[in-house]
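**Q** quick check, what structure comes out for this input:
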Amino acid sequence: MVRIYLFLVIAAWFISPISAQITQQPLGIIYNHETTYNLKLTTNRGFVFGMEKGRLRTYDRTTFYHLSIGEIHHPRETRQSAPPQTRYRSYVYGKQNALYALRGGWGVKRYLSEKAKVKGVAVGYSYTFGPTLGLVKPYYLALALDSPDNPLNYIIRLQKYSEKNAAKFLNNNNILGAAPFTRGLKEISLLPGGSASLAFHLDWGAFDERVKALELGVMVDFFVRNAPLLISEYNSPLFVNFFVNVQFGKRK
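**A** Now for the predicted structure:
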C-alpha cells in the first residue's frame, strides 16, 4: 500500500493545475538529445528501474534506446508475514524462484496534441520492444527443523525448495520467513526472452530542458520456456502487466 500511495502523490503532483500562461515556442527542434530516468510501478506489485537515451528527430517524434531491470511476480503470489518473534522478512508461500528481468531495446515517442508546439502539456504515446534476459534466482526460506541432538529443540536452516524437503518447505509451521536477498545469488540461471510495451504519454513542457513526464501503459514479457516461479501453480512463459511510469531527465 505504501508504494501505491507514493505513486498517487507523485501522479497528483504531475496533474496539478498548470499555469494558464503559455509562451509560444518556435516550431522545429530546440534540443537534439534526451536522457530520462524511469520508475515504474506494475500491477504485479513490482518496481522497474530504468533509463532511456533518445534523439529528437522532429518536434513531435523521438526515438530512443532503453535499459531497465525489475522483478516479475507470479500473478498468484501471496505474501505472508514472518512470525513476530523472528528476525526474518515476510515471505511468499510456495515460491520456488524469483525472476528478475533485464530489459533492453528500442522505442519511439510521438506527440499528438498541439501543445507539443508550445510550452505546456504534450499528449502522445510511446512504444518499445526488444530482448529480455531473465535472471532466475532460487528462493530461500529460513526453516525451523528438528534438532538431531535434542527432539525438544530445533535448528534454523536456510534452504531452497527440493523434493527432499518439500514437506518442510511447504509447511507454514516450519517457516520463519524469507532468507536474506543475497542468498542464492551464486545460483542464478538465465532465461532469454523479449518484451514490448505501449503507453499513453503526458509531458509537462515538451521543449523544456528538464523532462517531467508521466506514462500509463501495458507491458508484455515473454520467455522461451515457462518461468518456474511457484511450486503448485501453473507457470507461464508470458506475463502481462499494466504500469504507471514516472520520468525525470534532461534535454540538450
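**Q** can you read off the backbone torsions of Pro192?
**A** Main-chain dihedrals, Pro192, degrees, to the nearest 10: phi -70, psi 160.
**Q** next, the buried residues of stretch 180-193.
**A** Residues of stretch 180-193 classed as buried: 183-184, 191, 193 (neighbour count, 16 or more other C-beta atoms under 10 Å). Any C-beta I mention is one placed from the backbone N, CA and C, and that applies to glycine too.
**Q** most centrally placed residue in the protein?
**A** Centrality entry for the chain: nearest residue to the mean C-alpha point is Val48, 2.6 Å, by C-alpha atoms, centre = their mean.
**Q** my read is that residue is in a helix, agree?
**A** No: Val48: not assigned to a helix; according to DSSP: H, G, I helix; E, B strand; the rest coil it is strand.
**Q** tell me the SS of Pro148?
**A** Under three-state DSSP, Pro148 comes out as coil.
**Q** how close does it sit to Thr86?
**A** Going from Pro148 to Thr86 by C-beta to C-beta, to the nearest Å gives 22 Å.
**Q** with secondary structure and pLDDT added, can I get the buried residues of stretch 180-193 in JSON lines?
**A** Below are the buried residues of stretch 180-193 laid out as JSON lines (DSSP: H, G, I helix; E, B strand; the rest coil; pLDDT from 0 to 100):
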{"residue": "Arg183", "secondary structure": "coil", "pLDDT": "95"}
{"residue": "Gly184", "secondary structure": "coil", "pLDDT": "96"}
{"residue": "Leu191", "secondary structure": "strand", "pLDDT": "98"}
{"residue": "Gly193", "secondary structure": "strand", "pLDDT": "98"}
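**Q** the residues you listed: which two are farthest apart?
**A** Of all pairs drawn from the buried residues of stretch 180-193, the greatest distance, 24.9 Å, lies between Arg183 and Gly193 (C-beta to C-beta).
**Q** what number of residues lie near the closest residue to Tyr127 other than its chain neighbours?
**A** Leaving out its chain neighbours, the residue that sits closest to Tyr127 by C-beta to C-beta, 6 or more residues apart in numbering is Leu198, at 4.9 Å. Look at Leu198: counted by other C-beta atoms under 10 Å, it has 15 neighbours.
**Q** any idea which element Leu198 lies in?
**A** strand 189-204 (DSSP states H and E).
**Q** try Ala122
**A** Taking DSSP H and E as the definition, Ala122 sits inside strand 121-138.
**Q** and that strand, what's buried?
**A** 121-124, 126, 128, 130, 132-138.
**Q** I'd like the average pLDDT over it.
**A** Average pLDDT, strand 121-138: 95.
**Q** can you show me the CA trace of it as PDB?
**A** C-alpha atoms of strand 121-138 as PDB (Å, rounded to 0.1, in the frame of the first residue of the first chain):
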ATOM      1  CA  VAL A 121       1.300  19.600 -21.700                       C
ATOM      2  CA  ALA A 122       2.200  17.500 -24.600                       C
ATOM      3  CA  VAL A 123      -0.100  14.400 -25.100                       C
ATOM      4  CA  GLY A 124       1.100  11.400 -27.000                       C
ATOM      5  CA  TYR A 125       2.100   7.800 -26.900                       C
ATOM      6  CA  SER A 126       5.200   5.600 -26.800                       C
ATOM      7  CA  TYR A 127       6.100   2.100 -27.700                       C
ATOM      8  CA  THR A 128       9.100  -0.100 -27.100                       C
ATOM      9  CA  PHE A 129      10.300  -3.600 -28.000                       C
ATOM     10  CA  GLY A 130      13.500  -5.600 -27.600                       C
ATOM     11  CA  PRO A 131      15.200  -8.500 -25.900                       C
ATOM     12  CA  THR A 132      14.800  -9.500 -22.300                       C
ATOM     13  CA  LEU A 133      17.300 -11.600 -20.200                       C
ATOM     14  CA  GLY A 134      15.500 -13.300 -17.300                       C
ATOM     15  CA  LEU A 135      17.600 -13.900 -14.100                       C
ATOM     16  CA  VAL A 136      16.200 -16.900 -12.200                       C
ATOM     17  CA  LYS A 137      17.300 -16.900  -8.600                       C
ATOM     18  CA  PRO A 138      16.400 -19.700  -6.200                       C
END
